[in-house]
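Enquirer: predicted coordinates and the sequence they were generated for:
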Amino acid sequence: MNGFTTLFYKEVLRFWKVATQTVAAPVLTALLYLLIFSHVLESHVRVYGTVSYTAFLVPGLVMMSVLQNAFANTSSSLIQSKVTGNIIFVLLPPISYREFYAAYVLASIVRGLVVGAGVLAATMWFAPLSLNNPLWVLAFAFLGGAILGSLGVVAGIWADKFDQLAAFQNFLIMPLTFLSGVFYSVHSLPPFWQKVSHFNPIFYMIDGFRYGFFGVSDVSPWKSLAIVGSCFVLLFLLTLTMLKRGYKLRA
Amino acid sequence: MKTAISAHQVAKRFGSVEALAGVDLTVLQGEFFGLLGPNGAGKTTLISALAGLVRVDSGRIEVMGCDVVSDYRNARRQLGVVPQELVFDPFFSVRETLKIQSGYFGIRDNDDWIDEILANLDLTSKANDNMRTLSGGMKRRVLVAQALVHRPPVIVLDEPTAGVDVELRKTLWQFIRRLNSDGHTIVLTTHYLEEAENLCSRIAMLQAGRVVALDTTANLLNRFASHALHLRLGAGAALPPVLAARATEQDGIWSLSFDRFSDIEPVLAQLRAAGCSLEDLEIGKPDLEEVFIRVMQGQQGDMML
Ligand SMILES: Nc1ncnc2c1ncn2[C@@H]1O[C@H](COP(=O)(O)OP(=O)(O)OP(=O)(O)O)[C@@H](O)[C@H]1O
Ligand SMILES: [Mg+2]
């Protein structure tokens, strides 16, 4: 038990203690999305020619939940600790900035995966779902969680107040996730909006994740992996640099 | 004696505020050291720099010989800090808080020591209560406990008795004194000067980021503070002019101050010779408050730095 494992454990315990809010609530939200959208669209839309709309929607909702909850975990934990001042409890011990990063981000991936698994368990009954290649599923879930978890670290450290964090979430994270093709295949979009979608990294996370289920996707999973992987490396470096400098943490 | 803390030319600015303006300070192992100064003097900033919470602009600090920047892991293991702000994590109980804090320092099975700390701080009955439900004074005790989980040789307490009742103050000081006699180095900041006078063997006074006095408590008292004589005169009596010239009057009480206790006797003789009748007489001992005020007013005189 060293500083890293304890911090990781504490971060997991923190969301697990309030699992109704942090796990059950997002699962219910995703389930509601599924019920409403599939009710309205199931008979009108087919994707990739063969896949039913509801089946198409399930992995999208799972991945969206993974991403949003990974972000929520790091960002809310950090801003709460900063605002209440108890962040010093992790700044005083001999924990390096790398351990700090790893503990927070891994815990956010755990939250993302737990919620994602919950969403999958709750929604998979509504449509026949195939699992073409679980490795793609896991790879994109992990990487996506790590990216949004890192982004949550950045946002949580940057924001001084809760409303700044809310702005980050409402004006960046939400539009990017909702416009990433969770609810539609980007091929159904007009060409201009298709182009725009290809600048959204979250599009590739969802698309690659879906490939793992259906074996078909809007772009090649390898391309998605390359883009998502590069995003992760960039964010990893950015976050580590911030932490190393003690930006807004060590005055 | 080996040094526990050494600060060398430590400077730190926050924008236009010079929080620390070149602080030099050495605290020896086993000392009970007081860090005093008015609000905003830089005490907390110095402690934060020591703990790595603040990055200094220049200068360096060592804790038990470990540089707090380049060898921060070892430096932090040697240091327990009780922060000034009353902070807590509302997600956890007292015991969970202490176990997690132990884990941060890489200590796994710490229950015996945690129990001992809890008992000494009168927290045993609260061990399983959530932090949110504790009163302010109780939360303060938990902060003290948190600083001690890893048995640090150097313990720094930033105003640990602010907002704490008399009872806890007594138990807290008993406990801290015991830790001190077991060999722990203690650094204390407080605005209760009587507390500092009773506890600390050596004191530094900070003003606007500078050390303006640094000496043993006894020397400071001798050097700056004076003995005082407070007199209430009998009806119709007047102070002899020689004495009245150097005395001050407030609410009918005349006060005279003396550098040495032995100077008081001749004054009493003078009063007797003048046939001055007294209603009441009180001899005031020098206290740290007076020293503090004098130092802050810039009467450093021949002080040793
Ligand atoms: N994070 C910060 N940002 C900006 N200014 C700061 C910061 N921390 C401290 N200061 C300023 O530095 C100066 C020293 O503050 P510090 O907290 O060290 O004083 P102190 O001696 O602990 O006072 P007190 O007795 O009130 O606790 C003050 O002018 C304060 O406003
Ligand atoms: Mg202070």
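Expert: Noted; the coordinates are in hand. Ligands and ions are numbered 1, 2, ... in the order given.

Enquirer: quick one: pLDDT of whichever residue of the stretch 151-300 of chain B sits closest to ligand 2?
Expert: Residue of the stretch 151-300 of chain B nearest ligand 2, by Cβ to the ion: B:Asp158 (5.8 Å). (Glycine included, C-beta is placed from N, CA and C.) If you check B:Asp158, the pLDDT there is 94.

Enquirer: my guess is it contacts B:Thr44. True?
Expert: Yes. With contact defined as Cβ atoms under 8 Å, B:Asp158 and B:Thr44 form a contacting pair (5.8 Å).

Enquirer: now list whatever residues contact both of these two.
Expert: B:84, B:189 (Cβ atoms under 8 Å, 6 or more residues apart in numbering or on different chains).

Enquirer: so how far is chain A from the residue nearest to B:Arg210 when sequence neighbours are not counted?
Expert: Distances taken as Cβ to Cβ, 6 or more residues apart in numbering or on different chains place B:Ala21 nearest to B:Arg210, at 5.2 Å, with adjacent residues excluded. With distances taken as Cβ to the nearest Cβ, to the nearest Å, B:Ala21 is found 17 Å from chain A.

Enquirer: how many other residues sit next to the residue of the stretch 101-250 of chain A found nearest ligand 2?
Expert: Across the stretch 101-250 of chain A, the shortest distance to ligand 2 (Cβ to the ion) belongs to A:Arg250, at 17.0 Å. Under the neighbour criterion other Cβ atoms under 10 Å in any protein chain shown, A:Arg250 is assigned a count of 16.

Enquirer: now for it: which residues touch it?
Expert: A:91, B:52-55.

Enquirer: show me which residues of chain A sit near ligand 1.
Expert: A:Ala251 (Cβ under 6 Å from any ligand atom).

Enquirer: which residue ranges of chain A form strands?
Expert: Remark: strands assigned in chain A by DSSP state E are A:46-47, A:51-52.

Enquirer: please compute how far the last one lies from its chain's middle.
Expert: Same thing as strand A:51-52. Distance, stretch centre to chain centre, for strand A:51-52: 24 Å (Cα atoms, centre = their mean, to the nearest Å).

Enquirer: average pLDDT across it?
Expert: 81.

Enquirer: so what are the sheet partners of that strand and their directions?
Expert: Using DSSP bridges, the strands paired with strand A:51-52 are strand A:46-47 (antiparallel).

Enquirer: quick check: the residue nearest to B:Arg210 is in a helix.
Expert: No. Assigned with DSSP: H, G, I helix; E, B strand; the rest coil, B:Ala21 falls outside any helix and is strand.

Enquirer: pretty sure it contacts B:Val10?
Expert: No. Using Cβ under 8 Å, B:Ala21 and B:Val10 do not qualify as a contacting pair, with a distance of 9.1 Å.

Enquirer: looking at the two, which has the bigger crowd around it?
Expert: Per other Cβ under 10 Å, whichever of B:Ala21 and B:Val10 has more neighbours is B:Val10, with 24 against 17.

Enquirer: can you list phi and psi of the more buried one for me?
Expert: Main-chain dihedrals, B:Val10, degrees, to the nearest 10: phi -80, psi 120.

Enquirer: contacts only, for it.
Expert: B:20, B:22-24, B:46, B:49, B:56, B:58-61.

Enquirer: so the residue in the stretch 51-200 of chain B that chain A sits nearest to, which state does it fall into?
Expert: Closest to chain A within the stretch 51-200 of chain B is B:Gly103: 3.0 Å, counting by Cβ to the nearest Cβ. Secondary structure, three-state DSSP: B:Gly103 is helix.

Enquirer: chain A against ligand 2: which residues are in contact?
Expert: Residues of chain A that fall close to ligand 2, judged by Cβ under 5 Å from the ion: none.

Enquirer: among the contacts of A:Arg250, name the ones in strands.
Expert: The members of those all map outside strands under DSSP E.

Enquirer: going through those, which ones are buried?
Expert: With burial judged by 16 or more other Cβ atoms under 10 Å in any protein chain shown, the buried subset of the contacts of A:Arg250 is A:91, B:52-54.

Enquirer: nearest to ligand 1, of these?
Expert: B:Val54 (7.3 Å; Cβ to the nearest ligand atom).

Enquirer: looks like the closest one contacts A:Leu249 (just checking).
Expert: No. Between B:Val54 and A:Leu249 there is no contact under Cβ under 8 Å: 10.7 Å.

Enquirer: re earlier: possible to save the contacts of A:Arg250 as JSON lines with pLDDT?
Expert: Converted to JSON lines, those look like this (pLDDT from 0 to 100):
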{"residue": "A:Leu91", "pLDDT": "95"}
{"residue": "B:Gly52", "pLDDT": "92"}
{"residue": "B:Leu53", "pLDDT": "93"}
{"residue": "B:Val54", "pLDDT": "93"}
{"residue": "B:Arg55", "pLDDT": "92"}
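
Enquirer: just give the closest residue to residue 168, not the sequence neighbours.
Expert: I went with chain A, as the question did not name one. Using Cβ to Cβ, 6+ apart, the closest residue to A:Phe168 is A:Ala155 (4.5 Å).

Enquirer: the intended chain is chain B.
Expert: Excluding its sequence neighbours, the residue lying closest to B:Leu168 (Cβ to Cβ, 6+ apart) is B:Gly137, at 5.8 Å.

Enquirer: now do A:Tyr48
Expert: That would be A:Val216: by Cβ to Cβ, 6+ apart, it lies 4.5 Å from A:Tyr48.

Enquirer: gap between that neighbour and B:Ala162?
Expert: Using Cβ to Cβ, to the nearest Å, A:Val216 is found at 65 Å from B:Ala162.

Enquirer: again with B:Glu265
Expert: Counting by Cβ to Cβ, the gap from B:Glu265 to B:Ala162 is 42 Å.

Enquirer: rewinding a little: so who does the residue of the stretch 51-200 of chain B closest to chain A touch?
Expert: Residues in contact with B:Gly103 (Cβ under 8 Å, 6+ apart) are A:1-3, A:5-6, A:9-10.

Enquirer: three-state assignment of B:Pro160?
Expert: Following three-state DSSP, B:Pro160 is assigned to coil.

Enquirer: before we move on, what SS does the residue in chain B positioned nearest to ligand 2 have?
Expert: Closest approach between chain B and ligand 2, counting by Cβ to the ion: B:Thr44, at 3.1 Å. When classified by three-state DSSP, B:Thr44 comes out as helix.

Enquirer: that one contacts B:Val81, correct?
Expert: No. With contact defined as Cβ under 8 Å, B:Thr44 does not reach B:Val81; the gap is 10.3 Å.

Enquirer: now for the two: what residues contact both?
Expert: Joint contacts of B:Thr44 and B:Val81 (Cβ under 8 Å, 6+ apart) are B:Asp158.

Enquirer: quick one: contacts of stretch B:108-121?
Expert: For stretch B:108-121, contacts defined as Cβ under 8 Å, 6+ apart pick out A:1, B:94-95, B:98-99, B:102, B:123-124, B:127, B:141, B:144-145, B:148-149, B:151, B:171-172, B:175.

Enquirer: 7 Å instead, please
Expert: A:1, B:95, B:98-99, B:102, B:124, B:127, B:141, B:144-145, B:148-149, B:151, B:171, B:175 (Cβ atoms under 7 Å, 6 or more residues apart in numbering or on different chains).

Enquirer: filter these to the buried ones?
Expert: Neighbour counting by 16+ other Cβ under 10 Å classes A:1, B:95, B:98-99, B:102, B:141, B:144-145, B:148-149, B:151, B:175 among these as buried.
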